[in-house]
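**Student:** Here is a sequence together with a model predicted from it:
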Amino acid sequence: MHNAELYSSSHGLQKRDAVQVLTEYIDSMNWKPGDRILDVGCGPGFVTSQELMPRLPADFGLLVGADVSPIMVQHASKMYTHPKLRFVEFDLSKDLRSTSELWTQGFDKIFSFYCLHWIPDHRKAVSNIYNLLRTGGETLLVFLAKCPAFKVYSAQRLKPEWQPYMEDAHRFISPYHQSSEPGEEFSKVLQDTGFEVIDCECRTNEYNYNTVGCLKDSLRAVNPFLDRIPTELHEEYLADCLMEAIKVTERNNNIGAEVTSIRYELIVAYARKT
């Protein structure tokens with residue numbers, strides 16, 4: 001999950017969904033000159049710099065890409081430079097204690113693509129977003145509610161060979177994975193925090209990786225457990241990941257042919273701090 005180069009080459013699904021949601025919502029947002037913008041969970045920086053920034057009004061003030069991984073931030077800072085763009089380390093799941101001017105000034109817009117499903121405590125994360133926003137500020141959040149990878153982790157953590165490395169697997173599974181109404185649950189979190197919810201829905205999407213190899217690369221790129229597993233066991237572990245993923249997708253699609261497509265559920269939320 002900390003391999004910036006691999007993630008950059010295997011994030012087709014994440015990029016496609018980010019572009020689709022940005023195209024749908026960005027022109028509806030209330031923009032003003034000098035807006036300060038934050039992208040939480042920017043990863044290697046591609047979506048922040050190549051998809052989000054070109055869609056911003058030309059007179060925006062500052063775009064900050066933030067990620068918990070120093071490796072991702074270092075990669076993004078090296079690859080993408082612009083006078084109005086910065087990349088910084090930041091953990092949305094922690095208490096906001098920084099007195100740095102970067103944070104105390106607040107933001108007018110906060111985006112997050114494919115990040116919030118990594119944070120178990122959504123009330124804390126949403127509260128932090130709320131407190132980072134200026135009054136009248138808006139947030140656009142996109143994250144997984146359900147996907148085959150979560151089922152893979154749930155199955156693997158019960159296997160004796162992988163259990164020692166996956167005792168906290170629940171931390172890496174979306175809080176809405178077992179929910180019957182993910183969109184409604186997250187909408188309530190937003191409302192309870194004080195947001196005016198403009199849109200909040202859970203969408204069923206599908207993505208085709210075209211080859212099993214590409215599917216395996218994607219599983220490798222986002223897997224949070226590889227750093228804990230001895231290098232000599234990586235290929236065995238990834239083969240098991242792929243086997244479990246194929247079980248899930250074959251069951252969902254009711255097919256016996258080579259499986260390269262996955263179905264997943266995505267929460268898309270647009271809200272305003274009043």
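**Tutor:** Arrived safely. Numbers count the residues shown, from 1 in each chain.

**Student:** Name the strands paired with the host helix or strand of T204 and say parallel or antiparallel.
**Tutor:** Taking DSSP states H and E as the definition, one finds T204 inside strand 195-208. Within its sheet, strand 195-208 is paired with strand 261-273 (antiparallel), according to DSSP bridges.

**Student:** Next, the buried residues of the strand it pairs with.
**Tutor:** For strand 261-273, the neighbour count (16 or more other CB atoms under 10 Å) marks 262, 264-273 as buried. To be clear about C-beta, it is placed using only N, CA and C from the backbone, and glycine gets the same treatment.

**Student:** need these in CSV with pLDDT and distance to L92, can you?
**Tutor:** What follows is these, written out as CSV (pLDDT from 0 to 100; distance: CB to CB, whole Å):
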residue, pLDDT, distance to L92
I262, 86, 26
Y264, 94, 22
E265, 97, 21
L266, 98, 19
I267, 98, 16
V268, 99, 18
A269, 99, 15
Y270, 99, 18
A271, 99, 15
R272, 99, 19
K273, 98, 16
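
**Student:** Geometric centre of this structure: which residue is closest?
**Tutor:** The centroid of the chain falls nearest to Y114 when counting by CA atoms, centre = their mean (1.5 Å).

**Student:** what's the closest non-adjacent residue to K247?
**Tutor:** What sits nearest to K247 in space, not counting adjacent residues and going by CB to CB, 6 or more residues apart in numbering, is A155, at 8.0 Å.

**Student:** what's around I173, how many residues?
**Tutor:** 22 (other CB atoms under 10 Å).

**Student:** Repeat that for I110.
**Tutor:** Counted by other CB under 10 Å, the residues lying close to I110 total 26.

**Student:** Equivalent analysis for A239, please.
**Tutor:** Neighbours of A239 (other CB under 10 Å): 11.

**Student:** Same check on the one 3 residues further on?
**Tutor:** Neighbour count of L242, defined by other CB under 10 Å: 18.

**Student:** tell me which element it falls in.
**Tutor:** helix 234-253.

**Student:** The residue nearest to the centre of the chain contacts A18, correct?
**Tutor:** Yes - here Y114 reaches A18: they are 7.5 Å apart, a contact under CB atoms under 8 Å.

**Student:** For the residue nearest to D192 when sequence neighbours are not counted, give me its contacts.
**Tutor:** Nearest residue to D192 in three dimensions, chain neighbours excluded: R123, at 7.5 Å (CB to CB, 6+ apart). Shown in contact with R123 (CB atoms under 8 Å, 6 or more residues apart in numbering): 189, 192-193.

**Student:** how about N30, secondary structure?
**Tutor:** Secondary structure state of N30, per DSSP: H, G, I helix; E, B strand; the rest coil, is coil.

**Student:** Show the model's pLDDT score for T193.
**Tutor:** pLDDT for T193: 98.

**Student:** C-terminal to the least confident helix or strand in the chain by mean pLDDT, what's the next element?
**Tutor:** None of the helices or strands of the chain scores lower by mean pLDDT, DSSP states H and E than helix 4-9, at a mean of 65. Along the chain past helix 4-9, the next helix or strand (assigned with DSSP H and E) turns out to be helix 12-25.
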